[in-house]
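Asker: Pasted the sequence and its predicted model underneath.
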Amino acid sequence: GAGVSQTPSNKVTEKGKYVELRCDPISGHTALYWYRQSLGQGPEFLIYFQGTGAADDSGLPNDRFFAVRPEGSVSTLKIQRTERGDSAVYLCASSLTLGGDRVAAFFGQGTRLTVV
Amino acid sequence: GENVEQHPSTLSVQEGDSAVIKCTYSDSASNYFPWYKQELGKRPQLIIDIRSNVGEKKDQRIAVTLNKTAKHFSLHITETQPEDSAVYFCAHNTGGFKTIFGAGTRLFVKA
């Protein structure tokens, strides 16, 4: 597609429920990133995929968070047993990787998750 | 460590003046430094980036400088316009592809 697409744009869920957030990266981008942004703060790194594999998941806050990218394109961020503190905007970004060099990442519009 | 410190947190300038935002990092392996602009309720948008083998890069009214020895980099916006008002984030990668963002600078350009 023309840009990074995230669905849903808004999600309200009850505490304790399970949610899935979807990211469709720019076509051909091999690198995919998930970030979380709370109000008034910078994006906080969660996980990075190179192709199908999670190359760096050191930002996932705990084992309630998990992400997959089974075919190297679309990714799903999964949050189990949601807590009110999980409320934030979840941003996805994608980029090319050229010869191992980092290149510009482009963000989706985000999913605003509200846990009530 | 991985973190990047960004200053100031808020910056107010008169239209036409210059704005400078500074960031400091500590990971000597960092080699890529992007800057993002985020308007209220919108996604972060890349405005300029620089690699560690370059000391300065310019794109119209925006320039970025990098001092690898001192581990700091700066964003310079000249001839500011009201539409430049937004939150600006510096970022750096930590030797791989993990990118860490600063806390942001809220820029107000007064007409």
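Answerer: Cool, got the structure.

Asker: Residue numbers of chain A in contact with chain B?
Answerer: Chain A has residues A:31, A:33, A:35, A:40-45, A:48, A:50, A:55-56, A:58-59, A:91, A:97, A:101-102, A:104-110 near chain B, with proximity defined as C-beta under 8 Å from any C-beta of the partner chain. The way it works is simple: take the backbone N, C-alpha and C, and place the C-beta from them, glycine included.

Asker: Spell out the residue ranges of the strands in the chain.
Answerer: Using chain A here. If you assign secondary structure with DSSP state E, the strands in chain A sit at A:5-7, A:10-13, A:19-24, A:31-37, A:44-50, A:53-56, A:65-68, A:75-79, A:88-95, A:97-98, A:101-102, A:106-107, A:111-115.

Asker: oops, chain B please
Answerer: With DSSP E as the criterion, chain B has strands at B:4-7, B:10-14, B:19-25, B:32-38, B:45-51, B:56-59, B:62-67, B:72-77, B:86-93, B:99-101, B:105-110.

Asker: Can you convert those into JSON lines and add a column each for distance to chain A, mean pLDDT and mean neighbour count?
Answerer: Conversion of these to JSON lines gives the following (distance: least, C-beta to the nearest C-beta, whole Å; pLDDT from 0 to 100; neighbours: other C-beta atoms under 10 Å in any protein chain shown):
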{"stretch": "strand B:4-7", "distance to chain A": "8", "mean pLDDT": "96", "mean neighbour count": "19"}
{"stretch": "strand B:10-14", "distance to chain A": "11", "mean pLDDT": "98", "mean neighbour count": "13"}
{"stretch": "strand B:19-25", "distance to chain A": "11", "mean pLDDT": "97", "mean neighbour count": "21"}
{"stretch": "strand B:32-38", "distance to chain A": "4", "mean pLDDT": "95", "mean neighbour count": "23"}
{"stretch": "strand B:45-51", "distance to chain A": "5", "mean pLDDT": "94", "mean neighbour count": "17"}
{"stretch": "strand B:56-59", "distance to chain A": "13", "mean pLDDT": "94", "mean neighbour count": "12"}
{"stretch": "strand B:62-67", "distance to chain A": "13", "mean pLDDT": "97", "mean neighbour count": "18"}
{"stretch": "strand B:72-77", "distance to chain A": "14", "mean pLDDT": "97", "mean neighbour count": "21"}
{"stretch": "strand B:86-93", "distance to chain A": "5", "mean pLDDT": "95", "mean neighbour count": "25"}
{"stretch": "strand B:99-101", "distance to chain A": "4", "mean pLDDT": "91", "mean neighbour count": "23"}
{"stretch": "strand B:105-110", "distance to chain A": "9", "mean pLDDT": "98", "mean neighbour count": "17"}
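
Asker: and A:Phe65, how many residues sit next to it?
Answerer: Applying other C-beta atoms under 10 Å in any protein chain shown, we find 18 residues neighbouring A:Phe65.

Asker: how near is the closest residue to it other than its chain neighbours to A:Ser73?
Answerer: Taking C-beta to C-beta, 6 or more residues apart in numbering or on different chains, and ignoring the residues beside it in sequence, A:Phe65 has A:Ile79 as its nearest neighbour in space, at 5.7 Å. Summarising the geometry, the distance separating A:Ile79 from A:Ser73, computed by C-beta to C-beta, to the nearest Å, is 21 Å.
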